[in-house]
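Novice: Next input, structure requested:
(chains A and B)
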Protein chains: 2
Amino acid sequence: MSLTNASPIECAKAARIASRKLAILSTQERNDALTAIHNALAEAKESILMANKCDLVSPSDASEKGELSQSILKRLDLGRPGKWEDMLQGILDVRRLEDPIGKVDHRMELDDGLICQRKSCPIGVLLIIFEARPEVIANIASLAIKSGNAAILKGGSETSESFKTISTVISHALTTTVVPNDALQLVTTREAIQPLLQLDKYIDLVIPRGSNSLVSYCKKNSTIPILGHADGLCIIYLCADADKDQAVRVVIDSKTNYPAACNSVETLLVDSAALTTHLPAVAEALLEKGVRLRCDAESLTALQDTLDAHQAAFLTSATSDDYMTEFLDLTLAIKTIPASSSSEKALDAAVTHINTYSSHHTDAILTSSSVIADTFCAAVDSACVFVNTSTRMADGQRFGFGTEVGISTNKIHARGPVGLEGLTIYKYEVRGKGQVAGDYGGKEGRQWKHRMLPLEEPA
Amino acid sequence: MSLTNASPIECAKAARIASRKLAILSTQERNDALTAIHNALAEAKESILMANKCDLVSPSDASEKGELSQSILKRLDLGRPGKWEDMLQGILDVRRLEDPIGKVDHRMELDDGLICQRKSCPIGVLLIIFEARPEVIANIASLAIKSGNAAILKGGSETSESFKTISTVISHALTTTVVPNDALQLVTTREAIQPLLQLDKYIDLVIPRGSNSLVSYCKKNSTIPILGHADGLCIIYLCADADKDQAVRVVIDSKTNYPAACNSVETLLVDSAALTTHLPAVAEALLEKGVRLRCDAESLTALQDTLDAHQAAFLTSATSDDYMTEFLDLTLAIKTIPASSSSEKALDAAVTHINTYSSHHTDAILTSSSVIADTFCAAVDSACVFVNTSTRMADGQRFGFGTEVGISTNKIHARGPVGLEGLTIYKYEVRGKGQVAGDYGGKEGRQWKHRMLPLEEPA
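Specialist: Residues are numbered from 1 along each chain as shown, chains lettered A, B, ... in the order given. Predicted structure coming up:
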């Protein structure tokens, strides 16, 4: 891993060349590189934690003066109990995952002795821009090497000393492996991002991890495909036929488990018929957790009628902006789905609201009807559509992917929580014995066989 | 299908709304729409061919004056024998294909009663810009409906009367079906393209079919992902150990079967040791077919030594530009791979040339060594990598996909010949019984099961 002072174009060109070498390494060779990185980091613990201490000097000052929250300070601190061990364990966890490269998912005999197969391969060169969490760089380096992709990394500047030290350690470790050093490059200046975003000849995919504004900036300023999500405006639709206890549990968890996360709920749609049966219990539980509720007229009236005056004081009237807002804190907008002649029509109104206002990340329904649930899942145009479970479940670890590259709201390539598979593409390999296109077609020509074959080649 | 005079943004908004209705139709409902389109076109044969005759008036004039080639005139003429029948048959062929929507390719029990599945779904709204071939509009309309996507279509202006008439017929046919009319919209002015390319809020994917300049224009002027390929600079590497007869057949077919196609070969790399053993026979066959050869110094000398003077007169010296040129006609650049200590080193030089100059569409090797072939396939960074077969095989029909949406040189989503699958994405559906994220993790929390399930739900 080079700590590069090269120009963005030199850096990208070098990554491109290295990516071709990385692409033909075996599973074992890539895994061995992860082992080498793990061991080198373990040995360099002291110097890395020292560098991290330097990073913490000015944030600690700021925190003491009350200018920086304790939670951000904690995020920067690699010395907190368990964090170092988790970072090292994460590398071994990625190493243990199934190799995403070289998997054949289509194999067809086009004609006698003419075999076409589709095989997964690395995408090429990734540009990954990530937040100031010192442990993340090791995770991202592992994901890139495991998936056979070269990567240009830019981490948040608040922990740049940690990143530099870790990258130097990884660089030394790679010299003992067959992974070329240019396959991982750390750029340290923010000024490098803009020119890198233009280099679509050398960089194949940009993965911005972090703030909405970072993702939006990348989307607007790059001709390279972006994998990620700018917003996380998740919506839950509470039907009148939902199990009430489940509804309370799911809404509470979706809002309060980690309010700043992209998969937290921001708007609750409530069937008119559920305003008196379900909503009071849900609202009471939310208010108890300190959630401020912004209600439309119908839900406000319903709640004012049922909650005690002390509780009702925490209710406010919603504005139309509230249904377009990702609060990212303990605030929830509530909107009533008007009574209609059938639950299908109510569903249609809820789905229309969701498809209009949701950020297409994760939306959920609470219902006991499997028919309504199925229609909801088909009709809602979002990466994740959930039935009777928390929006917070939208996560690669919870989905059992072993790791998470990020969450995508893209409509192509990878959508939803993205595992290692999202860092791969495929190529078609056709092996023949001199067959040519001119042999086929017409009245006299050969006919195609197009016979599906088992994915495994016979031994 | 509306023949729209709406503004680009109204058109895109209407398509987006229609796309959500289309997305929840059943296989049968979408197939029924294809039947209706097929039957309506069959009935309207006379008026469509009449409109096509109007389109042909001015091109026929131009052709008689020698200002337009016969082959382009033929392309515009829907009345040529077999073309009408092929167009109708194409709709039935698409109808018969397996439904690409609703396929579950991942199913996992996250915990008791908490099931996560990944299901294919339409992308949403496509913008398809295509050449002036009157029959293509029916094919594209079929592909869009079959895959559940709304589509905004813009066809080449030379056959605009044909397109308008066909689109009116399709529009009437759709009123007898449940497919919303706005799901297919024909825009008739070139000026609409630029504003449509900006509407990434409503349009999910642009598919430009046609000239390199069109594709490049779209890539440069849109924030919407583009599916396609700008160039088709394909390269064949002829190894000294190749079967000579196969080499002659494959190179001839790759160059002369359809020289204007994107999958025709443009550069031939030749092992130094094959200059005298293989190249003369290959060159002789090419010259006989009227192919002009642009040779580097070594291959020129070798051919001048072996070909007769008449043949040798058709050889010219290659410039460095020739290896960057997609000739799209009967011209081939030839370059020698210098002799080296091993075939691996020669392979490395050939692969480096290919990865530098190829358009990453289709590249082939001619060799009798399966080890060399395997290394070539892994090392060449192209959508299609072929062994001992013609580059012309890179085609959705030949690959057995039943239809071809286009050929992509993208590094994400869909690469190589793209079938219906390329018009789909997936969503994650999670169904639970009130499970929440807060239940899991920590010492006291529940553990994830993460147990893979069969893809089929139990009956």
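Novice: Need phi/psi at the residue of chain A positioned farthest from its centre.
Specialist: Largest separation from the mean C-alpha position in chain A: A:Glu444, at 53.4 Å (CA atoms, centre = their mean). With angles defined as degrees, to the nearest 10, A:Glu444 sits at phi -90, psi -20.
Novice: And for A:Leu199?
Specialist: Backbone torsions of A:Leu199, given as degrees, to the nearest 10, read phi -90, psi 60.
Novice: before we move on, back to that, any idea how far the residue farthest from the centre of chain A is from chain B?
Specialist: Separation of A:Glu444 from chain B (CB to the nearest CB, to the nearest Å) stands at 15 Å. Backbone N, C-alpha and C define where each C-beta goes, glycine included.
Novice: Could you pick out the residues of the stretch 201-350 of chain A near chain B for me?
Specialist: A:204-205, A:219-220, A:223, A:225, A:227, A:243, A:245-246, A:249-250, A:252-254, A:257-258 (CB under 8 Å from any CB of the partner chain).
Novice: from the residues you listed, which ones fall inside strands?
Specialist: Among these, DSSP state E puts A:Leu205 in strands.
Novice: Cross the residues of the stretch 201-350 of chain A next to chain B against helices and list the overlap.
Specialist: A:219-220, A:245-246, A:249-250, A:252-254 (DSSP state H).
Novice: Mind checking which of those are buried?
Specialist: Listed as buried from these are A:219, A:246, A:249-250, A:252-254; burial here means 16 or more other CB atoms under 10 Å in any protein chain shown.
Novice: element containing the closest residue to A:Ala318 other than its chain neighbours, please.
Specialist: Excluding the flanking residues, the one nearest A:Ala318 by CB to CB, 6 or more residues apart in numbering or on different chains is A:Arg294, at 4.0 Å. In the assignment (DSSP states H and E), A:Arg294 maps to strand A:292-295.
Novice: can you pull the buried residues of that strand?
Specialist: If you call a residue buried by 16+ other CB under 10 Å, then strand A:292-295 has these buried ones: A:293-295.
Novice: Closest to chain B out of those residues?
Specialist: Checking these against chain B with CB to the nearest CB, the nearest one is A:Leu293 at 19.4 Å.
Novice: For A:Leu153, which three-state class applies?
Specialist: strand (DSSP: H, G, I helix; E, B strand; the rest coil).
Novice: what's in contact with the longest helix seen in chain A?
Specialist: For chain A, the helix with the greatest residue count under DSSP H is helix A:45-64. With contact meaning CB atoms under 8 Å, 6 or more residues apart in numbering or on different chains, helix A:45-64 is reached by A:41, A:68-70, A:72-73, A:76-79, A:84, A:134, A:158-162, A:164-166, A:169.
Novice: Can you dump the C-alpha atoms of that helix in PDB for me?
Specialist: The C-alpha trace of helix A:45-64 is given here as PDB (Å, rounded to 0.1, in the frame of the first residue of the first chain):
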ATOM      1  CA  LYS A  45       0.100  -2.000  17.600                       C
ATOM      2  CA  GLU A  46       2.200   0.400  19.700                       C
ATOM      3  CA  SER A  47       3.200   2.800  16.900                       C
ATOM      4  CA  ILE A  48      -0.300   2.800  15.500                       C
ATOM      5  CA  LEU A  49      -1.900   3.600  18.800                       C
ATOM      6  CA  MET A  50       0.700   6.300  19.200                       C
ATOM      7  CA  ALA A  51      -0.200   7.900  15.900                       C
ATOM      8  CA  ASN A  52      -3.900   7.700  16.900                       C
ATOM      9  CA  LYS A  53      -3.000   9.500  20.100                       C
ATOM     10  CA  CYS A  54      -1.600  12.400  18.000                       C
ATOM     11  CA  ASP A  55      -4.800  12.500  16.000                       C
ATOM     12  CA  LEU A  56      -6.800  12.700  19.300                       C
ATOM     13  CA  VAL A  57      -5.000  15.800  20.700                       C
ATOM     14  CA  SER A  58      -7.000  18.500  19.000                       C
ATOM     15  CA  PRO A  59     -10.400  16.600  19.100                       C
ATOM     16  CA  SER A  60      -9.900  16.000  22.800                       C
ATOM     17  CA  ASP A  61      -9.300  19.700  23.400                       C
ATOM     18  CA  ALA A  62     -12.400  20.500  21.400                       C
ATOM     19  CA  SER A  63     -14.400  18.000  23.300                       C
ATOM     20  CA  GLU A  64     -13.300  19.400  26.700                       C
END
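Novice: where along the stretch 201-350 of chain A do the helices fall?
Specialist: A:212-221, A:244-256, A:274-277, A:279-288, A:297-306, A:309-312, A:343-357 (DSSP state H, counting those that start in this stretch).
Novice: which residues of the stretch 351-459 of chain A score low on pLDDT?
Specialist: Across the stretch 351-459 of chain A, the ranges flagged by pLDDT under 70 are A:458-459.
Novice: which residues of it fall in helices?
Specialist: Counting by DSSP H, counting those that start in this stretch, the segments of the stretch 351-459 of chain A that form helices are A:370-379.
Novice: all strands of it, in order?
Specialist: For the stretch 351-459 of chain A, applying DSSP state E, counting those that start in this stretch gives strands covering A:362-366, A:384-387, A:406-408, A:416-418, A:424-431, A:451-452.
Novice: Likewise for the stretch 51-200 of chain A?
Specialist: A:104-111, A:114-122, A:125-130, A:150-155, A:184-187.
Novice: Now do the second one and strand A:104-111, the angle between them.
Specialist: When axes from the mean of the first three to the mean of the last three CA atoms, to 10 degrees is applied, the directions of strand A:114-122 and strand A:104-111 differ by 160 degrees.
Novice: same deal with the fourth one?
Specialist: Interaxial angle, strand A:150-155 versus strand A:104-111 (the same axes, to 10 degrees): 150 degrees.
Novice: From the contact counts, what lies against strand A:150-155?
Specialist: With contacts defined as 3 or more CB pairs under 8 Å, 6 or more residues apart in numbering or on different chains; DSSP states H and E, strand A:150-155 has these neighbours: helix A:8-23, strand A:125-130, helix A:136-146, helix A:160-175, strand A:184-187, helix A:193-196.
Novice: Quick one: closest of these to A:Ala281.
Specialist: Evaluated over those, closeness to A:Ala281 peaks at helix A:136-146, with 39.6 Å, by CB to CB.
Novice: now that closest one: mean pLDDT?
Specialist: The average pLDDT within helix A:136-146 is 94.
Novice: one step back: what does the strand holding A:Arg294 contact?
Specialist: Here strand A:292-295 makes contact (CB under 8 Å, 6+ apart) with A:283, A:286-287, A:303, A:314-319, A:322, A:330-334.
Novice: do that again at 7 Å, thanks
Specialist: Contact with strand A:292-295 is made by A:283, A:286, A:303, A:314-318, A:322, A:330-334, as judged by CB atoms under 7 Å, 6 or more residues apart in numbering or on different chains.
Novice: Before I go, just wanted to say thanks for your time.
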